[in-house]
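> need a 3D model of the sequence below.
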Amino acid sequence: MHTLVSYAYQMPRLPLQTLPTFRTAARLANLRAAAASLHLTHSAVSQQIRVLEEQLGFPVFERRGRRIALNAAGKALLASVESALASLDDGMQAAAAAASGTGQMLRVTALPSFAQRWLLPRMGRWRARHPDIALEIDASQNLVDLQRDGFHAGVRSGRGQWAGLESEPLIDSPLIVVGSPAIARRLFGQGDAALANEALIGDVPSWQHWFAGAGLKVKVRPIADFNDGGLMMQAAEHGLGITLAREMLAADALADGRLVRLSPVAVDIPDALGAYFLVYPPSLKHWPPLAALRRWLFDELEISQRQWAALRRANAARGDAVPVKPARARKTVAKRPRNRAR
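This is a model prediction of the structure:
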């Protein structure tokens, strides 16, 4: 009588608590940096990596002095670990959002200039339309990790490619030159070349880009620069000098007279800045509060587009400015998302 015995190789069970540490260490290639990022001690991080490697039965890092680098096995493991942890993060965020019930909070991160110059003046209409959905706006220049930092969505500028996120184009608005009414009166009747003699606010590459678009070759020497477009427009409103601004961000100030457009020339946004996009984790695409935000943003952008067009026509009729190429609305603006939650 023969007894058949089958043997199957069983992979070791991964110690799940070590995987976030492994991911961070792999990204930073340094255990001390990983410890600081995770708010752990260096020895605790080393211990977790050691437990992981012992459980696996093979190393995942190569040690190079104080630096570490993934070996072939570590690279293969990292690809799966990042995907799995991202799915878990998305799932927990979606579950927390679904469990929040009434009085829901929608957390959004946005560039300060967009939040201050375009979003804030329209918040009253959001509140009137969605009184049951509170918005928490984090205005920051930092490119935050939405899942890690607990945000449901973000408004970013760029080319629309951010790993692990859905991105929807909002609008691509050109750069124009603006200044205070007093400066506009003083420059009345002078050409674009006269702008080079004014106090310029902003960085050298952007001004060179604009003057090149105006057909002028001048040497620019800005008197001040800020890391936020909203601050540059505020400085221009106070008469510090003239600045470049995205048309959509300056439109409200142009309409109420705080700023005046000083030239009909409009140039495309440099690639380094890019268009505006709405980004969010794929798992939240069907969450009703996020769907409501998407529809509202597109509705408001359509209203803004009509207002900008009317402002250009009024300026042209008064002779204040030559009509210019309008902001290039992204295709998504013209075609709003369906009313169903997506």
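
> check contacts around residue 304.
If a contact means Cβ atoms under 8 Å, 6 or more residues apart in numbering, then residue 304 has 118, 248, 251 as its contacts. In short, each C-beta sits where N, CA and C put it, glycine included.

> quick check: buried residues in the helix or strand that contains it?
Secondary structure assignment for residue 304, by DSSP states H and E: helix 288-318. Under the neighbour-count criterion of 16 or more other Cβ atoms under 10 Å, helix 288-318 has 289-298, 300-301, 304-305, 308, 311-312, 315 buried.

> ok, of the contacts of residue 304, which come out buried?
Neighbour counting over these (16+ other Cβ under 10 Å) leaves 118, 248, 251 as the buried ones.

> keep only those of those that are in helices.
Residues of the buried ones among the contacts of residue 304 located in helices (DSSP state H): 248, 251.

> for residue 264, state which of the buried ones among the contacts of residue 304 is nearest.
Nearest to residue 264 among those is residue 251, at 15.4 Å by Cβ to Cβ.

> surely the closest one and residue 308 touch.
Yes - using Cβ atoms under 8 Å, residue 251 is in contact with residue 308, at 5.3 Å.

> in the chain, which residue is most central in space?
residue 156 (1.7 Å; Cα atoms, centre = their mean).

> which SSE is that residue in?
Following DSSP H and E, one finds residue 156 within strand 153-158.

> what angle separates that strand from helix 288-318?
Strand 153-158 runs at 50 degrees relative to helix 288-318, counting by axes from the mean of the first three to the mean of the last three Cα atoms, to 10 degrees.

> list of residues touching strand 153-158?
Counting by Cβ under 8 Å, 6+ apart, 106-111, 114-115, 119, 143-144, 146, 162, 167, 170, 273-280, 284, 290, 293 sit against strand 153-158.

> ok, that strand: who's next to it in the sheet?
Using DSSP bridges, the strands paired with strand 153-158 in its sheet are strand 104-110 (parallel), strand 275-280 (antiparallel).

> what element comes up after that strand heading to the C-terminus?
Moving toward the C-terminus from strand 153-158, the next helix or strand (DSSP H and E) is strand 166-172.

> now that following strand: how far from the chain's centre is it?
10 Å (Cα atoms, centre = their mean, to the nearest Å).

> show the subsequent helix or strand relative to it.
Sequence-wise, the next helix or strand downstream of strand 166-172 (DSSP H and E) is strand 175-179.

> ok so, going back, is it possible to export the buried ones among the contacts of residue 304 to TSV including pLDDT and distance to residue 63?
As requested, the buried ones among the contacts of residue 304 are exported to TSV (pLDDT from 0 to 100; distance: Cβ to Cβ, whole Å):
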residue	pLDDT	distance to residue 63
118	95	50
248	91	51
251	91	56
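
> wait, which of the buried ones among the contacts of residue 304 is closest to residue 39?
Closest to residue 39, out of all of the buried ones among the contacts of residue 304 and judged by Cβ to Cβ, is residue 118, at 36.1 Å.
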